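Here is a sequence together with a model predicted from it:
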Amino acid sequence: MPGALESDGLALAERLLGRLRSASEQGLAIFEWAGASQVDAKLVMALSSPALVRTLRKYGLTAPSRPGLLRLHDIVYASLSGQQWWTQSNRDLITNKFDDYMSAAALRTDLAFWSAALSLSAKIERLVEGGDCRPAFIYTMLSVWAPSKVRPELLGDPLVDAELLSNGAKQPSPIATMALIETVEKLYLQDKNTSLSHAQQMLDQRFEVFDRLAMAKGLTLKQQSEIQHHKAKALVRLNRVTEALAIFDVVRAGPHPLPETEIQIMRLLKRGDVADQERAADIAKKILTAAGASELVSHSVFFAAVELATWLRRSDLIMPLESLITTMLVEAAELGISQALQTMSSVSRFLSREAPEFLSRLVTAMPAHVIDDLPLPQDRFAWADILFEVSRIAAASAESKRTESLRLFESLPPQSFHSQRHAELLLLMRKPGEAKAMLTLRHDLATGPFAQRLMALAEYQLENFNAALEWIDRAFSNLAPNQSKYLYEFHEHRFDILVSTPGASLVPEMEAAIASCATGKERERLNKRLADYLNSTG
């Protein structure tokens, strides 16, 4: 009871801590400065020393925590504020070391930057609120902000800041240009919460940032590539795709190509024709092969390549890397990096059909504490989506997984894709009335093939077969050529509806589904469905 008991008028915890001052003060100073009881372990070591971390553990001042974090016992942390050990000059020294650490970590491909940023997000925001607007702090704060949490009042005017960097007497540091580029990025995403047109209008007004920044003195080749890369990314958002691709190609072929540029090209190509999709697959293969060979590939680039490979239904690229994919997803998710769960969500839609055993092992590998608390809407959606897909292959636990998935979907703010998946889950749970009510409210119901496909399924479950057929026919008419990978699902749904339509010709519909389905387990399943149907009609 060291927090409750007294010793000569002093709390026992403070007396015990005082006896350890000479050994522990420097290590404890990091937690006092951070204003947090747990901090990224590598950061604590960098700001103090590994020996001091060992000392804190040796004297029993730490408590168990998530991997990668060093946590003080609550009573120890509560006692820090009662000590007269801390001076502002010492705090300033730690702040300076922290600035150096984050400026360097942001340039690496490992997770050191993210681990430190996520564990000290509140401290960083307090530093900026207090007027300490060093580029490393701005960049770190922006990196961990969800779009809905962006606070423009803490950011400068990007156009003014770009002019200052451009006209400065010395070359801007890498972290300075990164912070300015990230400011434009996050302001766009926040503006998008209002509307896409508003976000595009504001981005168009800020677009000159990239040209002003490119005029700065002494830029490294990497900085030049990063500026052009983000200029092209902005052009994509302004629907100037041809111009964007031209710049991406220049960066890719230039003296300092960026993996992120290949990702952007890949994402643009994936919705093109067969030749474009093959080019996109080649880029993904290159990235995944490099990662598999232990070359330095950042988690974000790796995850993007994995998502693209599953979107293209390329099992040959995914299956050999199961162990690496699992390791990197779990590693990032344990640190609270949202992209990990979002990638897992996207991948699970492919794995549930083509590699269910892989999906089961992946979900089992995810530590329980990762999903015990999901404060961000995008993380709740991701886990809801994962549970939805796992329920397709979960047998006895399918119902409980769907119930939990539904609970998470119901906690989400309205978004188009969220409601689409929510409605799809309701249909899987045989709740067509609720699904139909949700779909009726969608703004894209008149033209959106996926909403129309789900409406067809809802009417089918309600036994309104003529209405179901009308909806699936509308969905077919609105499906774009670059969405052809979904064609087999539409044909299969029409097959199901036609089963209940007297005199309908069913075999051609299932044959069309098979012909439009990529080689794999889904095509095998469709072939079996057709064989079973032919046998039943003998």
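The structure has been received and is ready for your questions. Numbering: from 1, shown residues only.

Quick one: the strands in this protein, in order.
Shown for the chain, the strands assigned by DSSP state E span residues 6-7, 10-11, 38-40, 62-63, 69-72.

Break this structure into its domains for me.
Residue ranges for the structural domains of the chain, counted by automatic domain parsing, are given in the record as 6-94, 279-413, 446-537.

Of the ones you listed, which stretch is the most buried?
Between the domains of the chain, the one whose residues have the most neighbours on average, counting mean count of other Cβ atoms under 10 Å, is domain 279-413 (a mean of 19). For every residue, glycine as well, the C-beta is placed using N, CA and C.

what's the span of that domain from first residue to last?
For domain 279-413, the first and last residues are 36 Å from each other (Cα to Cα, to the nearest Å).

Make residue 1 into 11 and carry on from there
Yes, from this point I'll number from 11; that puts the last item at domain 289-423.

how far away is the residue nearest to Ala315 when sequence neighbours are not counted from Pro330?
When the adjacent residues along the chain are set aside, Ala315 lies closest to Ile297, with 4.0 Å between them (Cβ to Cβ, 6 or more residues apart in numbering). Ile297 is 14 Å from Pro330, where distance means Cβ to Cβ, to the nearest Å.

Please report how far the most centrally placed residue in the chain lies from Ala433.
Nearest to the centroid of the C-alpha atoms of the chain, with distances taken as Cα atoms, centre = their mean, sits Gln349, at 2.0 Å. As defined by Cβ to Cβ, Gln349 lies at a distance of 25 Å from Ala433.

Could you report the pLDDT at Ala468?
Reading off the confidence values, Ala468 has pLDDT 97.

surely it meets Pro442?
Yes. Ala468 is within contact range of Pro442, at 4.4 Å (criterion: Cβ atoms under 8 Å).

where does the chain dip in pLDDT?
By pLDDT under 70, the weakly predicted segments of the chain are 11-24, 548.

May I have the phi/psi pair for the closest residue in space to Leu175 that isn't next to it in sequence?
The shortest distance from Leu175 to any non-neighbouring residue, by Cβ to Cβ, 6+ apart, is to Pro182 (4.5 Å). Backbone torsions for Pro182, taken as degrees, to the nearest 10, come to phi -70, psi 140.

Check Ala490 too.
Here is the backbone geometry of Ala490 (degrees, to the nearest 10): phi -80, psi 160.

show me the contacts for it.
Contact criterion Cβ atoms under 8 Å, 6 or more residues apart in numbering gives Pro459 as the residues in contact with Ala490.

10 Å instead?
Residues in contact with Ala490, defined by Cβ atoms under 10 Å, 6 or more residues apart in numbering, are Arg281, Pro459, Tyr496.

In a markdown table: these, plus distance to Gly264.
Putting the contacts of Ala490 into a markdown table (distance: Cβ to Cβ, whole Å) gives the following:
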| residue | distance to Gly264 |
| --- | --- |
| Arg281 | 25 |
| Pro459 | 39 |
| Tyr496 | 36 |
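
which one of these sits closest to Leu384?
Using Cβ to Cβ, Tyr496 is the member of the contacts of Ala490 that lies nearest Leu384, at 28.6 Å.

now the closest one: how far from Trp321?
Tyr496 sits at a distance of 11 Å from Trp321 (criterion: Cβ to Cβ).

how long is stretch 255-269 end to end?
Across stretch 255-269, the terminal residues are separated by 15 Å (Cα to Cα).

again but with stretch 209-222, I slipped
Across stretch 209-222, the terminal residues are separated by 21 Å (Cα to Cα).

do the same with stretch 37-51
From its first residue to its last, stretch 37-51 covers 11 Å (Cα to Cα).

got the contact list for Ser129?
Going by Cβ under 10 Å, 6+ apart, Ser129 touches 44, 46, 48-54, 76, 78-81, 154, 345-346.

Also Thr187?
Thr187 makes contacts with 145, 149, 172, 175, 181, 223-224, 226, 229-230, 232-234, 236-237, 240, as judged by Cβ under 10 Å, 6+ apart.

how about 7 Å then?
Thr187 makes contacts with Leu223, Gln233, Glu236, Ile237, as judged by Cβ atoms under 7 Å, 6 or more residues apart in numbering.

In contact with Ala319, which residues are there?
Contact analysis of Ala319 by Cβ under 7 Å, 6+ apart lists Ala294, Leu298, Leu327, Ile328.

Among those residues, which are located in helices?
In helices, judged by DSSP state H, the following of these are found: Ala294, Leu298, Leu327, Ile328.

which residues touch stretch 62-70?
Residues external to stretch 62-70 that are found in contact with it (Cβ under 7 Å, 6+ apart): Leu30, Ala33, Ser34, Gln36, Gly37, Ala51, Val54, Met55, Thr72, Leu80.

which one among those gets closest to His309?
Scanning the contacts of stretch 62-70 for proximity to His309, where the rule is Cβ to Cβ, the winner is Ala51, at 18.6 Å.

The closest one against Pro77, yeah?
No. Contact status for Ala51 versus Pro77: not in contact, 8.8 Å apart, counting by Cβ atoms under 7 Å.

if we can go back for a sec, now compare the contacts of Thr187 and name the two farthest from each other.
Between all members of the contacts of Thr187, the longest pairwise span (Cβ to Cβ) is found for Leu223 and Glu236 and amounts to 9.5 Å.

For those two, indicate the residue with more neighbours.
The residue with more neighbours, out of Leu223 and Glu236 and counting by other Cβ atoms under 10 Å, is Leu223; that gives 27 against 22.

which ones are touching the more buried one?
Leu223 is in contact with Ala172, Leu175, Ser176, Thr187, Leu190, Ile237, counting by Cβ under 7 Å, 6+ apart.

Output those residues in TSV; the columns should cover distance to Val251.
Compiled in TSV, the contacts of Leu223 are given as follows (distance: Cβ to Cβ, whole Å):
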residue	distance to Val251
Ala172	24
Leu175	28
Ser176	28
Thr187	25
Leu190	24
Ile237	19
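
Restricted to helices, list those.
Using DSSP H, Ala172, Leu175, Ser176, Thr187, Leu190, Ile237 are the members of the contacts of Leu223 that sit in helices.

ok, the nearest residue to the fifth one once chain neighbours are set aside - how many residues close by?
This points to Leu190. In this structure, Leu190 finds its nearest non-sequential neighbour in Asp171, 5.4 Å apart by Cβ to Cβ, 6+ apart. Under the neighbour criterion other Cβ under 10 Å, Asp171 is assigned a count of 23.

Kindly provide the distance from Asp171 to Gly178.
The spacing between Asp171 and Gly178, counted by Cβ to Cβ, is 11 Å.

okay but Leu418 is in contact with Ala394, surely?
Yes. Look at Leu418 against Ala394 with Cβ under 7 Å: they come within range, at 3.6 Å.

what's the span of stretch 358-378 from first residue to last?
18 Å.

Can you give the contact residues for that stretch?
With Cβ under 7 Å, 6+ apart as the test, stretch 358-378 has contacts from 320, 323, 325, 329, 332, 336, 340, 343-344, 354, 395-396, 399-400, 402-403, 530-532.

Just the residues you listed: which are in helices?
Counting by DSSP H, these place 320, 325, 332, 336, 340, 343-344, 354, 395-396, 399-400, 531-532 in helices.

ok, of those, which one's closest to Leu489?
Leu489 lies nearest to Glu532 out of these, by Cβ to Cβ, at 17.4 Å.

can you pull the contacts of the closest one?
By Cβ under 7 Å, 6+ apart, the contact list for Glu532 reads Arg363, Glu364.

again, only using 6 Å
Under the criterion of Cβ atoms under 6 Å, 6 or more residues apart in numbering, the contact partners of Glu532 comprise Arg363.

Same check on the one 4 residues further on?
Neighbouring residues of Leu536 by Cβ under 6 Å, 6+ apart: Ala523, Ile524, Cys527.
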